[in-house]
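Participant: With the sequence up front, the predicted model follows.
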Amino acid sequence: MKSFSSLLHVIVLFYLCLKTEGQLRADYYASSCPNLSNVVRREVFKALQNEMRMGGSLLRLHFHDCFVNGCDASILLDGSDSEKLALPNLNSARGFDVIDSIKAAVENECNGTVSCADILAITARDSVLLSGGRPWTVLLGRRDGLVANQSGANNGLPSPFNSLDVIIAKFAAVGLDTTDVVTLSGGHTIGRARCTLFSNRLFNFSGGGAADPTLDSSLASELQSLCPQNGDGNVTTALDQNSTDYFDNHYFNNLINNKGVLSSDQLLFSDDAAATNSMRTLVQSYASNSNLFFSQFASSMVKMGNISPLTGVKGEVRKNCRVVNSS
């Protein structure tokens, strides 16, 4: 009987370990790297001092990472299959050098302990906070993936050219709902976009000879001057024309006033599917209540950060975020 009881105890412990292995927690590095948060925030602060635009870029890296292979820092890997070379990231995703600097500082503080995936998650939070937004508790314990997925980035990342139904489907594929679509799109209150991502709205839209009718005419005129036909597609403009690089809820007021720069942004308010899915109502709610937006943004970021994380014995803690350790 005693041996049976001991066996049962072992079995219970085994299943408890399986249950908790995939769970992230806020205090994961409390003992192994207690100063982690301060180190990362110091480095993010330095990066934003150098270029405020970097806040939006670092937030976007976490987003683009989690949508491909889950939140495993696969976007940071170099190589022929690098996600950096995928169309949504090529000449667009940026901030990799900043992540390198943060990783070096973290390694100096606690060698071989903190994953690049967790650094991306903390960096995204601090980028929002230092841009004027509200903080949230980042859950930690991710490990780094061993492979990149360029085709996954090409096919899975939402595009400015996608219809709203396609965008909703891409979010649903990773476990996010229409509330998350609207809320996380609010991250575009900081950051910039290249002309090539919205110039299709400026001239002869859908063969009609004029600009996109859901684009405010004065903004259309400004963007036409910035992005002339056959001009440099890499010229950028602020996604939020009212409060560039400041994290607030003005993005949603822009949508109500037809001032969303990207088609995928403006669709959240102007598309018939937005009304059907109550997304238009949510845009209006966020526009009138910044506290509601900040609160839900925190919840949606935590939810996104929990997309298929590698935990326990899966993956590794990369010494260099650009290559797997065996390299």
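Facilitator: It's in. Predicted model only: the values in this text are computed from it and were never measured.
Participant: all contacts plus neighbour counts: C-alpha atoms, from now on.
Facilitator: Noted.
Participant: my read: residue 156 touches residue 70, true?
Facilitator: No. Applying CA atoms under 8 Å as the test, residue 156 and residue 70 come out as separate, 11.1 Å apart.
Participant: I'd assumed residue 277 was in contact with residue 179.
Facilitator: No. In this structure, residue 179 is not within contact of residue 277 by CA under 8 Å, at 9.2 Å.
Participant: Which of the helices or strands spans residue 60?
Facilitator: Element membership for residue 60, per DSSP states H and E: helix 54-66.
Participant: Can I get that helix in PDB, CA atoms only?
Facilitator: Taking Å, rounded to 0.1, in the frame of the first residue of the first chain, the C-alpha atoms of helix 54-66 are listed here in PDB:
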ATOM      1  CA  MET A  54      11.700  53.400 -32.200                       C
ATOM      2  CA  GLY A  55       8.900  52.800 -29.600                       C
ATOM      3  CA  GLY A  56       6.500  51.900 -32.400                       C
ATOM      4  CA  SER A  57       9.100  49.700 -34.100                       C
ATOM      5  CA  LEU A  58       9.900  47.700 -31.000                       C
ATOM      6  CA  LEU A  59       6.200  47.200 -30.200                       C
ATOM      7  CA  ARG A  60       5.700  45.900 -33.800                       C
ATOM      8  CA  LEU A  61       8.600  43.400 -33.400                       C
ATOM      9  CA  HIS A  62       6.800  41.700 -30.600                       C
ATOM     10  CA  PHE A  63       3.500  41.600 -32.700                       C
ATOM     11  CA  HIS A  64       5.200  40.300 -35.800                       C
ATOM     12  CA  ASP A  65       7.100  37.700 -33.700                       C
ATOM     13  CA  CYS A  66       4.000  36.300 -32.000                       C
END
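Participant: Can you show me the helices along the chain?
Facilitator: 2-21, 36-50, 54-66, 96-109, 116-129, 150-156, 164-173, 178-185, 217-226, 250-256, 263-270, 272-276, 279-288, 290-305 (DSSP state H).
Participant: and the third one, what other elements does it pack with?
Facilitator: Okay, so that is helix 54-66. Secondary-structure packing of helix 54-66 (3 or more CA pairs under 8 Å, 6 or more residues apart in numbering; DSSP states H and E): helix 36-50, helix 116-129, helix 290-305.
Participant: helices or strands up against the last one?
Facilitator: Applying 3+ CA pairs under 8 Å, 6+ apart, we find helix 290-305 packed against helix 54-66, helix 178-185, helix 279-288.
Participant: With respect to residue 308, which of the ones you listed lies nearest?
Facilitator: helix 54-66 (8.1 Å; CA to CA).
Participant: Residue nearest the middle of this structure, spatially speaking?
Facilitator: By CA atoms, centre = their mean, the chain has its centre lying nearest to residue 63, at 2.0 Å.
Participant: Let me know how buried the spatially closest residue to that residue that is not a sequence neighbour is, in neighbour terms.
Facilitator: Excluding the flanking residues, the one nearest residue 63 by CA to CA, 6 or more residues apart in numbering is residue 304, at 7.7 Å. Residues lying near residue 304 (other CA atoms under 10 Å) number 23.
Participant: go on, residue 52?
Facilitator: Neighbours of residue 52 using other CA under 10 Å come to 20.
Participant: Can you report how many residues lie near the closest residue to it other than its chain neighbours?
Facilitator: Closest residue to residue 52 apart from its sequence neighbours, by CA to CA, 6+ apart: residue 245 at 6.2 Å. The number of residues packed near residue 245 is 25, by other CA under 10 Å.
Participant: Then residue 225?
Facilitator: Counted with other CA under 10 Å, residue 225 comes out at 12.
Participant: got the angle for the helix holding residue 60 vs helix 116-129?
Facilitator: 140 degrees (axes from the mean of the first three to the mean of the last three CA atoms, to 10 degrees).
Participant: Distance from the chain centre to helix 54-66, please.
Facilitator: 4 Å (CA atoms, centre = their mean, to the nearest Å).
Participant: Rounded mean pLDDT for that helix, please.
Facilitator: Mean pLDDT, helix 54-66: 98.
Participant: what does it rub up against?
Facilitator: Helix 54-66 is contacted by residues 47-48, 71-75, 93-95, 120-121, 123-125, 127-128, 130-131, 153, 157, 187-188, 190-192, 245, 304-305, 307 when judged by CA atoms under 8 Å, 6 or more residues apart in numbering.
Participant: still on that earlier bit, the helices and strands packed on helix 290-305: which one's closest to residue 36?
Facilitator: The nearest among the helices and strands packed on helix 290-305, by CA to CA, is helix 54-66 at 17.5 Å.
Participant: Could I get the buried residue list for the closest one?
Facilitator: For helix 54-66, the neighbour count (16 or more other CA atoms under 10 Å) marks 54-66 as buried.
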